[in-house]
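S.K.: Structure for the following, please:
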Amino acid sequence: MSKNHTYGQILKSSAMIGGSSVLKIAIGIVRTKAMAILLGPSGVGLMGLYGSITDLTNNMAGMGINNSGVRQIAAAVGSGDTENIALTATVLRRISIFLGAFGAAFLILFSGPVSTFTFGNDQHAFAVALLSLVVFFGTVSAGQEALIQGMRCISDMAKMGILGALFGTLISITVIYFLREEGVAPSLVLIAAMSLLTSWWYSRKIPIQTPSISASQLGQEAGALLKLGFAFMVSGLLMAGAGYAVRLIVVREVGYDAAGLYQAAWALGGLYIGLILQAMGADFYPRLTAIANDNTECNRMVNEQAHVSLLLAGPGVLATLTFAPLVIGLFYTPKFEGAVEILRWLCLGMTLRVISWPMGFIINAKGVQNLIIFSELAWAVVYLGLAWVCVSFFNLKGAGIAFFGSYIFHVLMIYLIVRRLSGFRWSTSNIHTSFLFLALIAVVFCSFYTLPSLLALGVGTLAVLLSGVYSIQVLLNLIPINRIPRSLLNLFRYLRLVSINSSEYNDLQSVINMTIGDTVVQNKLLVPLNRLIFAYMICIVFFMWVYWYAEMYGWSGRLLSFESGLGHLLKSGMLSD
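M.R.: Residues are numbered from 1 along each chain as shown. Next up is the predicted model:
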């Protein structure tokens, strides 16, 4: 394997951030279950609306400095300029406090109109004003997290996320238990406070001396952060605004309970994919920024990140599609059963998000402000247009259909942009992997609309197993054997996914993955497995067609009539003889 390949680094950061996210998910299960039991669908919908308000205000107040700060610090780290790192970090901290205070004051001032616009009256004005603390804590915390991410302190980011989620969950459940719906806003404030506390604790560990800064230096550095940050702010504002607007459409067209179901499906749809995207943003973005001017290296790194992300995401998406009712039941209560169908549609869109995001990071890393704004504006317009139409025709699941349709557009648009910007092209391995997983996901998704639920469950379960084995085998071919923990090697050997004899194992030499020069010898087991997966999909598609045809045209009834008539003729013939 070429020494320039970054698969090992990608998997290491994905494992670290992903592992912490798994713990956060376990904590989140407890929090979500408690909220569902204590609040019900309408209360969860209220929490989603409050969350949209704070996301929207945070994006406006933060001016995108979390993203621009990561980029500026990562670029300084890449050049080895410690003075510039210290200057950027100091200005980032100061400006985040100022912007947080400004955003909090803005939300307090307009709490009445925001409440009226969102809920139709000003009864929630006090709660909206209280959310100003969420905005302040969130903006200051984002500035500190940008420093940690830009310095690529991945382990600290992982610990920070776990502790923030743990403390926030313990406190928020306690508040909701005693105050119920009246405690929704205070619980969000306490969660944000815990995030601020943990980000401060870990950012203070970074050894950066505070430099003496003149007014001109402060203005120049702040101007650079805000200029690029404005594009990120508009981008985040459009994304948060689109989510807010879709929730309003659901509330207006279907009702508050539907908004709660949408919130539940949205949270679960992005749960597993969020692990991958968080790891991508945590480590991949700073690394890509450091080599953003080298188009060849930039494109290669994006292809490698996309390849690993697809291999990690595919089996998870298939599992969510297949076991959606169980997932809803685990996280929520039987009252949320109506979220199953929209969850499956959201999973389709999340899969396409995994494809488009690595390409989109090229635009961010190069800091092309106009393209950052244009791409998000175009996506938001398409998303809202589709949501308006689809929710009107298909009720709640229309919001999921709109999300899926918007990301079909997003993938095509981003590919055309980065193709022109850096000459990006999909690698052959990515084209093959994308086609395999997208086809398999489409087959499993359609099976739940065509086959009986138990048969569809069987189809999905086998697809999860096949895709999981395929992903493991491909990943084993992408990384050196000495980067794989021995415990995992023993597990893979036990499952017959690798074949390592004792002497080879002791020397950490894999017979699955060998390098001759710059040529990687692929595991031959992949070829029949590919064929098996494609053969499986063809068989399932044929079976679904037969089942659909029989149901649509009464084929089964005609077959029974034919058999009955044939039996009658044979019986008559035997009697005449």
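S.K.: And the helices in the stretch 401-550 of the chain, which stretches?
M.R.: For the stretch 401-550 of the chain, applying DSSP state H, counting those that start in this stretch gives helices covering 428-450, 453-478, 486-494, 502-506, 526-553.
S.K.: Check which helices and strands the longest one is in contact with.
M.R.: Judged by 3 or more C-beta pairs under 8 Å, 6 or more residues apart in numbering; DSSP states H and E, the packing partners of helix 526-553 are helix 428-450, helix 453-478. (Each C-beta comes from the backbone N, C-alpha and C, glycine too.)
S.K.: Tell me if I'm right that residue 338 and residue 400 touch.
M.R.: No. Between residue 338 and residue 400 there is no contact under C-beta atoms under 8 Å: 11.9 Å.
S.K.: neighbour count winner among those two?
M.R.: A count of neighbours by other C-beta atoms under 10 Å puts residue 400 above the other of residue 338 and residue 400, at 27 against 19.
S.K.: Now do the more buried one against residue 387, distance only.
M.R.: Distance of residue 400 to residue 387, computed by C-beta to C-beta, to the nearest Å: 10 Å.
S.K.: go on, residue 353?
M.R.: Relative to residue 387, residue 353 is positioned 16 Å away (C-beta to C-beta).
S.K.: Give me the more crowded residue out of these two.
M.R.: Shown here are residue 353 and residue 387; by other C-beta under 10 Å, residue 387 has more neighbours (26 against 23).
S.K.: tell me the SS of that one?
M.R.: Following DSSP: H, G, I helix; E, B strand; the rest coil, residue 387 is assigned to helix.
S.K.: Give me the nearest residue to it, chain neighbours excluded.
M.R.: residue 402 (4.0 Å; C-beta to C-beta, 6 or more residues apart in numbering).
S.K.: That neighbour touches residue 393, doesn't it?
M.R.: No. Contact between residue 402 and residue 393 fails when scored by C-beta under 8 Å: they sit 10.5 Å apart.
S.K.: Helices of the stretch 251-400 of the chain, start to end?
M.R.: Applying DSSP H, counting those that start in this stretch to the stretch 251-400 of the chain gives helices spanning 256-269, 271-279, 285-290, 295-322, 324-331, 340-366, 369-394, 397-422.
S.K.: what about the ones you listed, which gets the closest to residue 76?
M.R.: With C-beta to C-beta as the measure, helix 285-290 is the member of these nearest residue 76 (9.7 Å).
S.K.: List of residues touching that closest one?
M.R.: By C-beta atoms under 8 Å, 6 or more residues apart in numbering, the residues outside helix 285-290 that reach it are 6, 9, 70-71, 73-75, 77-78, 149-150, 152, 298, 301-302, 361-362, 364-365.
S.K.: Quick check: buried residues in it?
M.R.: 285-290 (16 or more other C-beta atoms under 10 Å).
S.K.: mean confidence for it?
M.R.: Helix 285-290 shows a mean pLDDT of 77.
S.K.: CA atoms of that helix as CSV?
M.R.: Written as CSV, here are the backbone C-alpha positions of helix 285-290 (Å, rounded to 0.1, in the frame of the first residue of the first chain):
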residue,chain,number,x,y,z
TYR,A,285,-11.6,18.7,7.4
PRO,A,286,-8.4,20.0,9.2
ARG,A,287,-6.3,17.5,7.2
LEU,A,288,-7.9,18.5,3.9
THR,A,289,-7.4,22.2,4.7
ALA,A,290,-3.7,21.7,5.1
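S.K.: ok now that helix, how far from the chain's centre?
M.R.: 19 Å (C-alpha atoms, centre = their mean, to the nearest Å).
S.K.: again, but for stretch 386-393
M.R.: How far stretch 386-393 lies from its chain's middle: 23 Å, per C-alpha atoms, centre = their mean.
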